[in-house]
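# Return atomic coordinates for the entry below.
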Amino acid sequence: MSTYRIHDRDNVAVAVEDLKAGEPLDLGGVRVICRTGIPRGHKFAIRKIDAGGRIVKYGYPIGTALQDIDPGEHIHVHNLKTGLSGTLEYDYDPVDARLQAAESRSFMGFLRSDGKAGTRNEVWIIPISGCVNRTTQMLANSGCTFPENVEGIHAFPHPFGCSQLGDDHEHTRNILAGLTEHPNAGAVLLVGLGCENNQMDTFIELLKQRGSWNDRRIQWMVTQDVEDELASGRELLMRCIDYAAQFQRREIPSAKLIVGLKCGGSDGLSGLTANPLVGAFSDDLITQGGSTILTEVPEMFGAETILMNRAANKEVYGKIVSLINNFKEYFLKHNQTVYENPSPGNKKGGISTLEDKSLGCTQKSGDAPVTDVIHYGEILRTPGLNLLQGPGNDIVSVTALAAAGAQIILFTTGRGNPLGSPVPTVKIASNNDLAARKAHWIDFSAGDLVSKPGTLMETLRKDLMGVVLDHASGKRTRNEENGYREIAIFKDGVIL
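Numbers count the residues shown, from 1 in each chain. Sure, this is the predicted structure:
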């Protein structure tokens with residue numbers, strides 16, 4: 001298969017492999033001649049498109065033609081422009097989303113005292129301000145011994161928690177609180193300096209208000225108040241290890257799983273292979289009682305009505321409208337265009353406009369109803385498919401997914417990315433070339449969906465479910481093997 005037409009309404013097709021000028025192409029009865037060389041993942045016209053006419057992919061417009069475009073002609077940023085602008089008014093046109101029941105599955109995880117399940121049993125060291133980043137890293141690498149069922153000690157440095165005001169201050173506190181509460185952490189050591197805005201006593205009070213304070217699971221230290229912060233920190237770490245050591249892996253139903261959905265370094269094949277495969281996985285997990293979280297709000301622009309019309313009810317619909325328009329207002333407030341996307345790498349991979357990117361990105365949501373919208377820094381409360389307020393930036397969004405409660409993240413990519421979040425981050429390649437070339441980054445490839453004719457989505461979705469449950473049961477992902485574990489926190493305002 002050298003080309004792929006996604007939807008019957010499309011007036012473009014996608015090159016699955018590099019096409020040469022003059023090459024005849026047959027798209028199920030539609031025959032065209034390739035007019036120029038077309039790189040893999042890029043689009044070409046399958047019929048004449050007049051200047052100003054709509055260019056349709058995934059069955060939806062992805063922009064308008066800047067000039068007349070002949071059949072077989074390459075379509076990209078040189079002859080296609082976005083149709084997006086500012087905020088919009090929407091009408092609720094609900095779609096009846098019916099999912100096919102999937103077989104109930106289970107994984108070997110860690111059941112916590114609050115009823116949540118972890119896919120890892122680690123000790124996390126969380127600096128409540130960036131002032132003590134190095135201290136937390138030194139403690140994580142200080143050589144504390146721990147039993148086999150305690151699966152590691154990890155620090156998560158970041159630059160915030162001091163000199164912040166307003167929403168930025170609250171964003172930092174809520175993200176750090178969500179990580180402190182996370183079930184993949186059997187125990188947590190909080191470390192502060194003593195003079196920062198995010199004071200230890202008020203942060204502990206926040207955890208109590210959220211109902212997650214446990215003075216056996218959570219230890220804390222203010223470094224200005226102890227004589228030797230490394231000696232005191234090691235003593236507290238041993239208490240954390242002792243607490244976490246009580247947990248053992250046990251069989252847990254997949255209904256306890258919360259999986260974050262993310263893409264990064266996407267290419268023109270991401271929306272054909274990896275993203276729809278993740279969408280199928282999402283549907284399967286939800287029918288088993290599990291939950292998924294989709295974020296990257298700017299990469300919903302142009303495809304937002306698909307999600308709005310799948311809202312479980314009118315209240316959720318209203319939340320999605322607010323989610324979209326509030327994020328557009330964020331762009332406009334900073335005098336930025338809402339369509340300053342896709343990235344240079346996306347464009348090189350064949351994605352031309354934000355609508356093109358968004359329609360591919362939202363494939364990760366599958367067909368399930370949207371049950372709720374989660375504000376940045378909040379945790380998931382409603383089972384099913386949730387939308388999370390957050391930007392497209394990879395590390396900021398995967399951090400937000402983890403803080404919202406995702407115990408594992410599926411990260412699709414067409415160009416590759418080695419990053420990892422605090423939780424296992426499963427990298428899914430859109431094409432087999434990437435999976436082979438960056439095997440030390442990639443955990444699974446969806447490339448067979450276009451590179452091997454006859455490969456069925458049904459086969460790969462079952463394979464992916466098995467891979468995810470294996471990772472949830474303790475198999476390490478590439479990011480874990482490589483030591484990629486970072487966090488980043490959203491910032492919008494003034495730093496003192």
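
# what's the span of stretch 124-135 from first residue to last?
Distance across stretch 124-135, first residue to last, is 13 Å (CA to CA, to the nearest Å).

# Give me the below-cutoff pLDDT ranges for this protein.
Residue ranges of the chain with pLDDT under 70: 1, 86, 340-341.

# now do 80
Along the chain, the parts satisfying pLDDT under 80 run over 1-2, 28-30, 85-89, 97-98, 102, 337-341, 453-455.

# Need the single longest strand in it, by residues.
In the chain, assigned by DSSP state E, the strand with the most residues is strand 185-192.

# Which SSE is immediately downstream of it?
Downstream of strand 185-192, the first helix or strand assigned by DSSP states H and E is helix 200-209.

# Quick one: work out the angle between that following helix and strand 185-192.
150 degrees (axes from the mean of the first three to the mean of the last three CA atoms, to 10 degrees).

# now helix 200-209, how far from the centre of its chain.
28 Å (CA atoms, centre = their mean, to the nearest Å).

# Give me the sheet partners of the helix or strand just after that helix and which way each runs.
The first helix or strand that comes after helix 200-209 along the chain, using DSSP H and E, is strand 218-222. Sheet pairing of strand 218-222 (DSSP bridges) gives strand 185-192 (parallel).

# Can you dump the C-alpha atoms of the partner strand in PDB for me?
Extracted C-alpha coordinates of strand 185-192, given in PDB (Å, rounded to 0.1, in the frame of the first residue of the first chain):
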ATOM      1  CA  ALA A 185       4.000   6.200  45.000                       C
ATOM      2  CA  GLY A 186       3.900   3.800  47.900                       C
ATOM      3  CA  ALA A 187       5.300   6.700  50.000                       C
ATOM      4  CA  VAL A 188       6.300  10.300  49.500                       C
ATOM      5  CA  LEU A 189       8.900  12.600  51.100                       C
ATOM      6  CA  LEU A 190       8.100  16.300  50.800                       C
ATOM      7  CA  VAL A 191      11.100  18.700  51.000                       C
ATOM      8  CA  GLY A 192      11.000  22.400  51.400                       C
END
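
# And that strand, how far out from the chain middle?
Counting by CA atoms, centre = their mean, strand 185-192 comes out at 24 Å from the chain centroid.

# what's the spacing between residue 455 and residue 432?
Plainly put, residue 455 is 11 Å away from residue 432 if you go by CB to CB, to the nearest Å. Using the backbone N, CA and C atoms, a C-beta is placed for each residue, glycine as well.

# before we move on, what about residue 284?
23 Å.

# what about those two, which has more around it?
In terms of neighbours (other CB atoms under 10 Å), residue 284 is the more surrounded of residue 284 and residue 432; the figures are 24 against 17.

# I figured the more buried one hits residue 254, correct?
No. Using CB atoms under 8 Å, residue 284 is not in contact with residue 254; the gap is 9.1 Å.

# Need the residues touching each of residue 455 and residue 432.
Taking CB atoms under 8 Å, 6 or more residues apart in numbering as the contact rule, residue 455 and residue 432 both touch residue 448.

# Domain-wise, how is the chain divided?
Listed by automatic domain parsing, the domain ranges of the chain are 3-81, 122-248, 255-482.

# The first one spans what distance, first to last residue?
So that's domain 3-81. End-to-end for domain 3-81, by CA to CA: 23 Å.

# so how far is it from its chain's centroid?
That offset, for domain 3-81, works out to 29 Å (CA atoms, centre = their mean).

# Please apply the same query to the longest one.
Distance, stretch centre to chain centre, for domain 255-482: 5 Å (CA atoms, centre = their mean).

# what's the span of that domain from first residue to last?
29 Å.

# Spell out the secondary structure type for the closest residue to residue 384 other than its chain neighbours.
What sits nearest to residue 384 in space, not counting adjacent residues and going by CB to CB, 6 or more residues apart in numbering, is residue 371, at 3.5 Å. Following DSSP: H, G, I helix; E, B strand; the rest coil, residue 371 is assigned to strand.

# quick one: residue 371 and residue 383 touch, right?
Yes. Judged on CB under 8 Å, residue 371 makes contact with residue 383 at a distance of 6.8 Å.

# Looking at the two, which is more packed in?
Set residue 371 next to residue 383 and count neighbours by other CB under 10 Å: residue 371 wins out with 20 against 15.
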